[in-house]
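[1] compute the structure for the input listed below.
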Amino acid sequence: TVLFADVVVELPVPKELTYSVPDELSSSLGEGCAVMVPLRSGRTRGYIVSLYRDEPMEGVKPLSALIEDIPPLPRELLDSAREVSRHYLYTWGDVLNAAVPIPPARTVKRFNMTRRGEVQLGLNKGDLPHKALHLLHLEGELNLSQLQRRLKQKGIAPLLKDMQKRGWVTAIEKQASPKAIKGKADRSLPPELYTQHELPPQDTTPSIQTKLTEIWEKIKGSAFSEESRPLLLRSASTEEREKIYLLAAGYASGHGKSVIILKPEIAAAHPFIEKLKGIFDGRLFVTHSGLTPAGRWEQWNRAARIDVSIVVGARATALQAVKNLGLIILDEEDDEAYKQEEIPRYHARDVALIRAQTAKCAVILGASVPSMESFHMAAAGKMEYIDLANHEIGFRPEIEIVDLKQTRSRGAISPPLEDFMKETLKKGGQTLLFLNRRGYATFVQCRDCGLVLRCPKCDISLTYHTQFGKAKCRYCQHEESTLLICPAPIPIVSFS
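    From the prediction side, this is the model:
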């Protein structure tokens with residue numbers, strides 16, 4: 001029998017392709033391994049989704065090579081990518097292509113002997129330069145490390161540079177795949193730090209810590225039980241939700257499980273990331289659009305290779321490869337930033353739910369105002385729903401509504417607001433006032449005839465901006481200069 005591999009290629013091919021496995025690769029391959037395969041007149045990258053033995057078949061091409069730089073993808077990620085492709089009507093390869101970044105290409109300098117070098121080789125002086133020429137004559141192209149290893153001589157770069165100047169060798173820059181970046185030593189706190197009865201350190205008062213423990217026990221029973229459902233966590237306070245996230249991440253990590261945390265904007269999550277660093281330093285990996293391709297690859301690669309990792313990122317992190325996935329957290333799940341606009345188009349919330357179901361792991365969706373879709377699933381019993389409004393486990397600002405009809409206010413500034421502003425300024429604080437309109441005036445009207453300037457295209461009133469001295473339409477940006485004379489036509493009076 002012959003060993004065959006079904007491979008999903010990173011091209012819009014609707015099904016897996018079958019290749020034979022060469023004998024020299026049979027002991028190195030497994031499900032999820034990245035390989036180079038022949039396709040049409042070229043080669044492309046793909047992932048092995050199944051291996052099996054069968055009778056020899058005609059016309060089946062062999063695999064080209066194993067890509068050692070990319071760690072094998074876990075089975076649950078392969079299956080999740082397949083389900084996502086079915087859900088959004090893309091190919092399996094489209095989703096895997098979005099899940100795995102391309103390793104950054106590197107160049108390596110390789111040396112060749114010239115004809116002038118061949119002449120020098122004939123002199124056979126036996127010194128180090130001639131030994132290097134002899135090696136190049138026997139083995140052809142060699143890079144610096146190969147030459148140093150074979151000559152058993154370090155620091156020969158200046159020698160090779162001198163040989164280049166003499167015209168004995170030439171150096172050619174060639175592209176090479178990077179070596180696998182080994183993960184740093186896991187310096188994080190040991191897994192046994194967190195057990196069912198121990199909680200990560202929290203910067204809270206004892207009373208709040210007690211309430212936090214009570215609500216956490218309820219959430220833990222809902223999210224981490226054998227028959228758990230997705231958990232929808234509602235709280236107007238980001239601080240409250242993040243306290244729960246820290247507890248959940250610590251619990252999962254303590255039980256040997258990896259955690260994926262999604263945030264719509266990583267730049268705004270810096271304080272939360274700093275808290276995570278204080279607990280999971282050696283296991284924490286952060287991915288975002290500000291990283292270079294090489295930086296993103298390094299974070300992805302290291303997170304995929306260690307047994308327990310905590311990965312924080314935006315929507316693309318929903319497809320991050322990790323070992324032993326145990327928890328997915330999606331904060332501000334109603335945010336539109338979770339929608340992927342490039343192919344394959346997807347919503348990170350749906351991907352998280354699909355992946356949690358495939359991996360049989362816990363998933364927590366948090367929001368101050370849950371999306372209509374999530375709230376509907378909670379109402380239908382497909383999600384657990386917990387509202388933290390009745391649990392004071394964080395700072396909540398006092399909100400006072402002032403009825404302007406009952407106060408003698410000058411414009412929009414009511415007497416209570418004016419008093420608070422003065423008190424704040426005396427203490428050296430700052431006050432922010434938000435106006436729910438654009439421009440200086442929402443319309444421009446003639447006092448004599450009552451004419452209001454309107455957009456000729458959108459038929460809405462133009463907004464006056466003192467900065468530009470013009471009235472603008474907020475829809476199509478049509479603008480008009482404000483006039484001291486009313487543009488209304490003068491009525492014609494007739495006499496009989």
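[2] helix/strand/coil for the residue nearest to residue 379 when sequence neighbours are not counted?
    Spatial nearest neighbour of residue 379, chain neighbours left out: residue 385 (8.0 Å); criterion: Cβ to Cβ, 6 or more residues apart in numbering. Just so you know, the C-beta spots here come from the backbone N, C-alpha and C atoms, and that holds for glycine as well. Three-state call for residue 385 (DSSP: H, G, I helix; E, B strand; the rest coil): strand.
[3] you'd agree residue 385 is up against residue 234?
    Yes. Judged on Cβ atoms under 8 Å, residue 385 makes contact with residue 234 at a distance of 7.3 Å.
[4] which element is the closest residue to residue 43 other than its chain neighbours on?
    Closest residue to residue 43 apart from its sequence neighbours, by Cβ to Cβ, 6+ apart: residue 36 at 5.1 Å. Here residue 36 sits within strand 34-39, counting by DSSP states H and E.
[5] what residues does the residue nearest to residue 379 make contact with?
    231-232, 234, 378-379 (Cβ atoms under 8 Å, 6 or more residues apart in numbering).
[6] for those residues, give me TSV that also has distance to residue 360 and secondary structure.
    TSV is the format used below for the contacts of residue 385 (distance: Cβ to Cβ, whole Å; DSSP: H, G, I helix; E, B strand; the rest coil):
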residue	distance to residue 360	secondary structure
231	15	strand
232	19	strand
234	25	strand
378	20	helix
379	24	helix
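[7] follow-up on the earlier one: what's around the residue nearest to residue 43, how many residues?
    As a burial measure, residue 36 scores 15 neighbours (other Cβ atoms under 10 Å).
[8] need the pLDDT of it.
    Reported pLDDT at residue 36 in the predicted model: 88.
[9] wait, what's in contact with it?
    43-46, 63-67.
[10] which strand residues bridge it?
    Beta bridges link residue 36 to residue 45, residue 65 when assigned by DSSP bridges.
[11] if you skip the residues just before and after it, what's nearest to residue 228?
    Residue 228 sits nearest to residue 362 (Cβ to Cβ, 6+ apart), 5.8 Å away.
[12] quick check: pLDDT value at the one you found.
    Per the predicted model, pLDDT is 89 at residue 362.
[13] how near is it to residue 327?
    Residue 362 sits 5 Å away from residue 327, going by Cβ to Cβ, to the nearest Å.
[14] what do you get for residue 217?
    From residue 217 over to residue 327 the distance is 17 Å, taken as Cβ to Cβ.
[15] looking at the two, which is more packed in?
    Neighbours of residue 217 and residue 327, each counted by other Cβ under 10 Å, are more numerous for residue 327; the result is 25 against 12.
[16] please identify the helix or strand for the closest residue to residue 21 other than its chain neighbours.
    Distances taken as Cβ to Cβ, 6+ apart place residue 3 nearest to residue 21, at 4.2 Å, with adjacent residues excluded. In the assignment (DSSP H and E), residue 3 maps to strand 2-9.
[17] residue 110 too?
    Using DSSP H and E, residue 110 falls within strand 106-113.
[18] just the C-alphas of the following helix or strand past that strand, formatted as PDB.
    Counting by DSSP H and E, the next helix or strand C-terminal to strand 106-113 is helix 115-123. The C-alpha coordinates for helix 115-123 follow below in PDB (Å, rounded to 0.1, in the frame of the first residue of the first chain):
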ATOM      1  CA  ARG A 115      37.200  31.300 -13.100                       C
ATOM      2  CA  ARG A 116      39.900  33.400 -11.500                       C
ATOM      3  CA  GLY A 117      39.300  31.400  -8.300                       C
ATOM      4  CA  GLU A 118      39.800  28.200 -10.300                       C
ATOM      5  CA  VAL A 119      43.200  29.400 -11.400                       C
ATOM      6  CA  GLN A 120      44.100  30.200  -7.800                       C
ATOM      7  CA  LEU A 121      42.900  26.700  -6.800                       C
ATOM      8  CA  GLY A 122      45.400  25.200  -9.200                       C
ATOM      9  CA  LEU A 123      48.300  26.800  -7.200                       C
END
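[19] how close does the nearest residue to residue 98 once chain neighbours are set aside get to residue 302?
    Nearest residue to residue 98 in three dimensions, chain neighbours excluded: residue 344, at 5.7 Å (Cβ to Cβ, 6+ apart). As defined by Cβ to Cβ, residue 344 lies at a distance of 25 Å from residue 302.
[20] still on that earlier bit, list the contacts for the residue nearest to residue 228?
    223-224, 228, 231, 248, 252, 326-328, 356.
[21] between those, which is nearest residue 278?
    residue 248 (16.4 Å; Cβ to Cβ).
[22] what about that closest one, which helix or strand?
    Going by DSSP H and E, residue 248 is in helix 238-254.
[23] so which other helices or strands are in contact with that helix?
    Judged by 3 or more Cβ pairs under 8 Å, 6 or more residues apart in numbering; DSSP states H and E, helix 238-254 is in contact with helix 206-223, strand 258-262, helix 270-280, strand 325-330, strand 362-367.
[24] need the winner for burial among the ones you listed.
    strand 258-262 (a mean of 28; mean count of other Cβ atoms under 10 Å).
[25] starting from that one, tell me which strands it pairs with and how they run.
    Strand 258-262 is paired, per DSSP bridges, with strand 310-313 (parallel), strand 325-330 (parallel).
[26] tell me what angle that strand forms with helix 238-254.
    160 degrees (axes from the mean of the first three to the mean of the last three Cα atoms, to 10 degrees).
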